[in-house]
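> Coordinates only, no sequence provided:
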């Protein structure tokens, strides 16, 4: 569902106010945070989706990498997880085993334990995790604490939603498919481990709501404006061609509706770049609002570690719009 639809669905619900719930869904943050003590808080998140690639092992890897990402996006360390699996009756056990094996191996790489889960039968194959992590309450990184003057670092390429739409039509080469699968299955742990050495003010991951959707949430929550510089964006070049062919996922329209009236786009920017900026990302990168004095050193360290990253924007004073695509 789109962010706007979710907001309307949850409107006016009676909610029990728990003083230990430090972060709920009020600011559309990436996960909830519950304070246990002055030094320990628990982060909780959940995510699952249908297959976006044919290989069951890689699907399991992508689903788990995507599910764990929200813990890093809150500044935390993932600890345990529970499997969520919906199985179609016509899928054989060897395929299911490969999905779970991919998930378990990716969890092992992240140094977390899958401690159980729940499985049901249904009309569509679905897989993901409910993930728990820990964080010091004083070191939580929300998506609503960006500071004017910050630089914005993006740690993975854009355009996954467009390319996976083309993949469904059989238009993607094996080389490109391998490339996007490698990115989607890469843990955000590695970019976060570098970024946390520096002064991060705000953090989120770029997933279903797109770069512009997540930038809007960060800007609105922080009461600032975010400038995104189109010339600095990192994306799969083939996404341009597929966009020009009209291979646009349905999520693009929902993301545009969600940000309607709050994103200003320069007239000189091509439609294909706009489409990429609204494209829903699966297991996308981190969007890091970092102190301007640390941005260059952080980005250089990431590049030395072969992380696709770029300084894609900056935070400025609010001036009648939350996001400018320049």
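Nice, thanks for sending it over. Keep in mind that this is a model prediction, so the values were computed, not measured.

> From residue 275, how far off is residue 241?
Distance from residue 241 to residue 275, counting by C-beta to C-beta, to the nearest Å: 11 Å. (Each C-beta comes from the backbone N, C-alpha and C, glycine too.)

> okay, these two: which has more neighbours?
residue 275 (25 against 15; other C-beta atoms under 10 Å).

> Am I right that that one sits in a helix?
Yes. Using DSSP: H, G, I helix; E, B strand; the rest coil, the secondary structure at residue 275 is a helix.

> what are the ranges of the strands in the stretch 51-200 of the chain?
77-87, 113-121, 126-135, 151-154, 200-205 (DSSP state E, counting those that start in this stretch).

> Compare these and report which one is nearest to residue 167.
Closest to residue 167 of these, according to C-beta to C-beta: strand 126-135, at 17.9 Å.

> Hey, what's the angle from the closest one to strand 113-121? Just curious.
Calculated by axes from the mean of the first three to the mean of the last three C-alpha atoms, to 10 degrees, strand 126-135 forms an angle of 150 degrees with strand 113-121.

> So which bits of strand 126-135 are buried?
Neighbour-count burial for strand 126-135 flags 126, 127, 128, 129, 130, 131, 132, 133, 134, 135 (criterion: 16 or more other C-beta atoms under 10 Å).

> follow-up on the earlier one: got the strands of the stretch 51-200 of the chain as CSV, with distance to residue 54 and mean pLDDT columns?
As requested, the strands of the stretch 51-200 of the chain are exported to CSV (distance: least, C-beta to C-beta, whole Å; pLDDT from 0 to 100):
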stretch, distance to residue 54, mean pLDDT
strand 77-87, 17, 98
strand 113-121, 21, 97
strand 126-135, 14, 98
strand 151-154, 28, 98
strand 200-205, 25, 97
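
> These into JSON lines, with extra columns for distance to residue 141?
Listed next are these as JSON lines, based on distance: least, C-beta to C-beta, whole Å:
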{"stretch": "strand 77-87", "distance to residue 141": "12"}
{"stretch": "strand 113-121", "distance to residue 141": "24"}
{"stretch": "strand 126-135", "distance to residue 141": "8"}
{"stretch": "strand 151-154", "distance to residue 141": "13"}
{"stretch": "strand 200-205", "distance to residue 141": "4"}
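
> of those, which approaches residue 227 most closely?
Per C-beta to C-beta, nearest to residue 227 of the strands of the stretch 51-200 of the chain: strand 151-154, 8.4 Å.

> what packs against the closest one?
strand 286-290, helix 292-304, strand 310-316 (3 or more C-beta pairs under 8 Å, 6 or more residues apart in numbering; DSSP states H and E).

> and among the ones you listed, the most buried is which?
Of all the helices and strands packed on strand 151-154, strand 286-290 has the most neighbours on average by mean count of other C-beta atoms under 10 Å, namely a mean of 28.

> Got phi/psi on residue 173?
phi -70, psi 160 (degrees, to the nearest 10).

> Look up how far residue 145 lies from it.
Distance from residue 173 to residue 145, by C-beta to C-beta: 41 Å.

> Next: residue 82.
Residue 82 is 29 Å from residue 145, by C-beta to C-beta.

> who's more crowded, these two?
Neighbour count, other C-beta under 10 Å: between residue 82 and residue 145, residue 145 has more, with 18 against 15.

> Contacts only, for the more buried one.
Residues near residue 145 by C-beta atoms under 8 Å, 6 or more residues apart in numbering: 201, 202, 221, 222, 289.
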